[in-house]
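Colleague: mind looking at a prediction? Sequence and model below.
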Amino acid sequence: MSSSKGLLRQLAQRQALWSSPLSPAFTRQTAAGHTGVLSPFSSVFNSIWNTGNSRALASVASNSSSQSVKGFRNRRENAQAVPIGARSSLLSQIPNRFCSGHARLNRNVKMTDRDVLPDNVKPKHYNLSLRDLEFTNWTYKGTVTIDSEITKPTKEVLVNTLDLKLSHAKISIDSKSVESTSFNYDEKAQRSTITFDEELPVASKASIIIEFEGIMNNEMAGFYRSKYKPAETPAASVPHDDEWHYMLSTQFEACDARRAFPCFDEPNLKATFDFDIEIPSDQVALSNMPVKETRPSKDGWNIVSFETSPVMSTYLLAWAVGDFEYIEALTDREYNGKKIPVRVYTTRGLKEQGRWALQHAPKIIDFFSEIFDIDYPLPKSDLIAVHEFTHGAMENWGLVTYRTTQVLYDEKTSDPRFKNAVAYVVAHELAHQWFGNLVTMDWWDELWLNEGFATWVGWHAVDHLHPDWQVWAQFVNEGMEAAFSLDGIRASHPIHVPVRDALDINQIFDSISYLKGCSAIRMLANHLGVETFLKGVSNYLKSHAYGNAKTTALWDALSQASGKNVTELMNPWISKIGHPVVTVAEEPGQISIKQSRFLSTGDVKPEDDTTTWWVPLGLEGKKDQAGIASLSLTTKEDTIRDIDDDFYKLNSGATGFYRVNYPPERLAKLSQQLDKLSTEDKISIIGSTAHLAFAGNGTTPALLTFLQGFGKETHPLVWRQVLDSIAGVKSVFKEDPVIKKALDKFSLKLVDEKIAEVGWDFPEGEDYLTGLLRKDIIGVAVAGGHPGVTEEALKRFDAWVEDPEANPIPAPLRVAVWRAAIMKDPARTVEILKKEWFNTKSIDGKLLSLSVLGSVEDADLLTKEIIPFNFNQSPPSNAVPSGDMHVLGNSVASNIIGRPLQWEFMKTNWDAVIAKLGNPVVVDRYIKLSLGAFTDVSVVDDIEKFMADKDTKSFDRTLGTVKDKIRGRAAYRERDAAKLKEWLGANGYA
């Protein structure tokens, strides 16, 4: 799944969407699949996770003959009606209904401790039928027949259910039918026990038939509805109210298939599926497989049935219903004598914005079929844009669902960063069609195996299609830096996390599973050679096709392909928390190197530093060897001789997931040898220098001295890392007005020559990276108050306000221009941007508007207009969708005036805030973004005190990371503030 955790970075002019110790919270996310994809990197990861009228809380009385649904009411609507400031205990009314509801990651969990269904019944095939979709109270009825094997005599069958009303059940064995006598529901475990009077014998085929009623909820989980404003007049039957129209779709990963139908909802309980659904005759139904038959039912309704699926996990089943249209292309390759039809579906009026995705999807399917040496397994591939979505995308087999910004792109109005994002997220999700769907993780503790690999091979595909984008340099700049940030704190977790039950899983859909996982895969692939690595992957997929596997199976396949002990190399990287910093000491003709755990707080204790990693050194500058010496550090320390004293460097190409701490003199020398460094090397050294300064292994003056040498740099991605590093420093020290002003002056001096060079125009056919540089340079110039750039930005803003059609702002520069206006006239600009958010037809325009609104530096406006706007308390009356609330929340948190005001608002209105956010994935992301940017350690005490009596199970690990980040930022500020101010003064900036 792609994690959308994060569109902010691309949206908000580098406001660090992923939580970083150096910069205001978040990820991007997350957010490409997870539940999907952490949208590429800061901007794409989050790769890049709602409202309506009803919901149900399933509750079954013990030994009752049917489960009762407690009021098909919209919990969130009722909660939103509570006045802001009221402290009624709404939170106590919110059940732990999502997978993360009971999330507590226990690193001591053993395989035998897994809380799984009994093994006395094993599903083989589901026949699922849904009928009577009711668009007033959002209910539906269903029947599921589960062909199963009974392996042990039993009187009970346990299935997973959540928010379902079971009305009748029976089992058929050898033509004999046995009726159930009762249902018992375990709310915490999300299981229903179906009891029979007589013992069911061992049987190779038994059919369990369950009739039930469910809810098309508004929580972006299970079978749910999402609201939208139609681009064109929709079909008459499309459900709607006074404000919105609705489409229906599913989101089952990690454990929400049980919210749509009774099932054995565990990844290794695979089965085949037949599915049919009754829909209005003027709407479209989609599922994993092609339509088999459409036949009339009641007046104005059809029953649409689909072909039988391959063997797959319940979390990969999917369907969608709505006023859809599509565009289509075919693969170049033939599969079983036919080319695969690939379609992009949207609600009416948006299909042409799917062209960019459609250009890529067929090519990517062919590319993966070739490199895996396995044909695409299904007869069709559909991509569908869903208007409300928790993450970036979800890899449902044959029907991939996407957040709109991750699959739609408008050449005229979209920021080109979304072009990059769409290509990556499409590739990430299609990679899962093999790695995750064809071969599925055995259990959720192997999540990284799905997501880390899909992240790596997704970028491998984009690099194949767009070598000019230099995506691996992008990954070093954004993906690795995001992974380093989370992995560098005590509250992080290993890549492989023991998971007791599926309810623990949502909190590890993060940059460790995706980005550190990808970094580990990239490091290994580089060491083995990509061709050898992919040969091992192909063997792994072929050996476990249509089954489940563990990490050890992949290591075995790679070991056989390469002749190397991959398990020995990779186990510390996967099973241990953290990553190393390699510290270098020099003597004439040799270097001594030592690995130790890196912590961003700088306070590494002996018990923190017990891991010895395999560290591929990638050494350049060995006298007796041209090119890169393939040396590895496998002990805590070692000495390397025959070093070129003039030039050497470690970790060539930044392929290793570790920091390098050079002596100050060597760092200064490297700053004069930039022509000898690759783009990835420059980015990596800058990032390491910044984080080492943060942790106290270096200093901020040393960092800024190093960055001064990049004024003549030409590569856009190196510039991006330079500007990111300065922004990270500013985010910690900008509460001191003298330092803030001086750092602005430093930034402007550094980019001064580039400002005139990049200009304001985007020539047709210009390469992607050049446009990215223009966006970054103008953004920094506006933020620093450059007179000429600010004047031009304001002129363009006024012209746009007067006539948006005649005077459009270039899409990549909207944020910079809007920020210039908000700095000059905040009240007027806030009003304009709120209207823009409400009215824009641009796919990414709403997110961009939100990302700028939070930069207002007027406490009154923030308190009355901006922060309440996220929570339905400031017009326009239509709420910001909960899945987008993190964008404005992150923007406010990046603002030193808004940050404490937002926290006070959250504390005062906690129940209403939690109710509005709804989905625990959304809650977790908002907490991460809104709190992680503080630089005062007293806030940690405040958070602990406030949360002491709150239910934090769905975000307890995130709270730990937030507190660690605050401690690190506070320590950095206290340690370096005086010396930074002194350096800025001595160098003419203050």
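Modeller: Great, that's in hand. Residues are numbered from 1 along each chain as shown.
Colleague: C-terminal to the host helix or strand of Ala727, what's the next element?
Modeller: Here Ala727, judged by DSSP states H and E, is contained in helix 716-733. Using DSSP H and E, the next helix or strand after helix 716-733 towards the C-terminus is helix 737-758.
Colleague: run the angle between the helix holding Ala727 and helix 737-758 for me.
Modeller: Inter-element angle recorded for helix 716-733 and helix 737-758: 160 degrees (by axes from the mean of the first three to the mean of the last three C-alpha atoms, to 10 degrees).
Colleague: which strands and helices sit next to helix 716-733?
Modeller: Using 3 or more C-beta pairs under 8 Å, 6 or more residues apart in numbering; DSSP states H and E, the elements in contact with helix 716-733 are helix 679-695, helix 700-707, helix 737-758, helix 768-783, helix 956-986. Bear in mind the C-beta positions are built from the backbone N, C-alpha and C, glycine included.
Colleague: alpha carbons of that helix, as CSV, please.
Modeller: Taking Å, rounded to 0.1, in the frame of the first residue of the first chain, the C-alpha atoms of helix 716-733 are listed here in CSV:
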residue,chain,number,x,y,z
PRO,A,716,18.6,20.9,-8.4
LEU,A,717,18.5,18.0,-6.0
VAL,A,718,21.7,19.1,-4.3
TRP,A,719,20.2,22.5,-3.9
ARG,A,720,17.1,20.9,-2.4
GLN,A,721,19.3,19.1,0.2
VAL,A,722,21.1,22.4,1.0
LEU,A,723,17.9,24.3,1.4
ASP,A,724,16.3,21.4,3.4
SER,A,725,19.3,21.6,5.8
ILE,A,726,19.0,25.3,6.3
ALA,A,727,15.2,25.0,6.8
GLY,A,728,15.8,22.4,9.4
VAL,A,729,18.1,24.7,11.3
LYS,A,730,15.6,27.5,11.0
SER,A,731,12.8,25.4,12.3
VAL,A,732,14.7,24.9,15.6
PHE,A,733,16.1,28.3,16.1
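Colleague: now do the buried residues in whichever helix or strand Val144 is part of.
Modeller: In the assignment (DSSP H and E), Val144 maps to strand 139-150. In terms of neighbour count (16 or more other C-beta atoms under 10 Å), strand 139-150 has its buried residues at Thr139, Tyr140, Lys141, Gly142, Thr143, Val144, Thr145, Ile146, Asp147, Ser148, Ile150.
Colleague: check stretch 460-469 too.
Modeller: Buried residues in stretch 460-469, defined by neighbour count with 16+ other C-beta under 10 Å: His460, Ala461, Val462, Asp463, His466, Trp469.
Colleague: do I have it right that the fourth one meets Gln474?
Modeller: In this case it means Asp463. No - if you go by C-beta atoms under 8 Å, Asp463 and Gln474 don't touch, sitting 9.7 Å apart.
Colleague: mind listing which of the buried residues of stretch 460-469 are in strands?
Modeller: Mapping the buried residues of stretch 460-469 onto strands (DSSP state E) picks out no residues; all lie outside.
Colleague: redo those residues as TSV? Include pLDDT.
Modeller: Rendered in TSV, the data for the buried residues of stretch 460-469 read as follows (pLDDT from 0 to 100):
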residue	pLDDT
His460	97
Ala461	98
Val462	97
Asp463	97
His466	96
Trp469	94
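Colleague: run through the stretch 301-450 of the chain and note the low-pLDDT ranges.
Modeller: Under the criterion of pLDDT under 70, none of the stretch 301-450 of the chain is flagged as low confidence.
Colleague: brain fart, the stretch 51-200 of the chain
Modeller: 51-112.
Colleague: all strands of it, in order?
Modeller: Chain-ordered strands for the stretch 51-200 of the chain, with DSSP state E, counting those that start in this stretch as the definition, fall at 57-59, 68-70, 121-134, 139-150, 154-160, 165-173, 176-186, 191-200.
Colleague: ok, Ala811 touching Lys419?
Modeller: No - with contact taken as C-beta under 8 Å, Ala811 and Lys419 are classed as non-touching, separated by 10.2 Å.
Colleague: between these two, which is the more surrounded one?
Modeller: Neighbours were tallied for Ala811 and for Lys419 using other C-beta atoms under 10 Å; the higher tally belongs to Ala811 (23 against 17).
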